[in-house]
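Participant: From the sequence below, what's the structure:
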Amino acid sequence: MEFGALIRKMIDGVIAGDGDTVASCFTPDGVYHDVFYGAFEGRDRIAEMIRDYFHRDGCNFRWDTHNPVSDGTTGYVRYVFSYESKLEAAKGKRTMFEGVAVVTLENGLMKTYTEVANSAPGLQRIGFEPERLARFVKKQGAELAARDESEGHL
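Facilitator: The predicted model follows:
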């Protein structure tokens, strides 16, 4: 399947709350690295994330992709994502953020899907308090610093 079509299939599954469709886009040991919820490894865990996390905390998703590119082993796609919050403190508020997905491919499926997202403005939009935003940003900074490719930068 062409990379853009694979991403669209995954996104359509996310929007529909169909974890099995999302999981089918991944290798059996694939990993979905979500900017909010962290890493989910394997098809069962990926399907669980869609059912028990995404659709627990949000609804009325919209996920537009722009400029998907791939060389057959690595893919990138820019996106704008929005949803309506179901979180108690933000119930009914709509927010959005932008990002880029970095995907490694194996045999036409996703081996890894990793999000690099500008999500703090979206969290602020639904009312996250400054202290909660600071914890989120600190966590993202620690994750970046811990990655192999960050070695020598700090």
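Participant: what's the pLDDT at the spatially closest residue to I15 that is not a sequence neighbour?
Facilitator: Excluding the flanking residues, the one nearest I15 by CB to CB, 6 or more residues apart in numbering is F61, at 4.7 Å. Using the backbone N, CA and C atoms, a C-beta is placed for each residue, glycine as well. pLDDT, F61: 96.
Participant: Check the offset of the longest helix seen in the chain from the chain's centre.
Facilitator: The helix spanning the most residues in the chain, taking DSSP state H as the definition, is helix 130-146. Chain-centre distance of helix 130-146: 16 Å, with CA atoms, centre = their mean, to the nearest Å.
Participant: which other helices and strands contact whatever helix or strand A117 lives in?
Facilitator: Assigned by DSSP states H and E, A117 belongs to strand 109-118. Secondary-structure packing of strand 109-118 (3 or more CB pairs under 8 Å, 6 or more residues apart in numbering; DSSP states H and E): helix 3-16, strand 26-34, strand 94-106.
Participant: Summarise which helices and strands the next helix or strand after that strand is packed against.
Facilitator: Next helix or strand after strand 109-118 toward the C-terminus (DSSP H and E): helix 120-125. Secondary-structure packing of helix 120-125 (3+ CB pairs under 8 Å, 6+ apart): strand 94-106, helix 130-146.
Participant: what about these, which gets the closest to A23?
Facilitator: Judged by CB to CB, the one of the helices and strands packed on helix 120-125 that comes nearest to A23 is strand 94-106, at 14.9 Å.
Participant: May I see the buried residues of that closest one?
Facilitator: Using 16 or more other CB atoms under 10 Å as the burial criterion, the residues of strand 94-106 that qualify are 95-99, 101, 103, 105.
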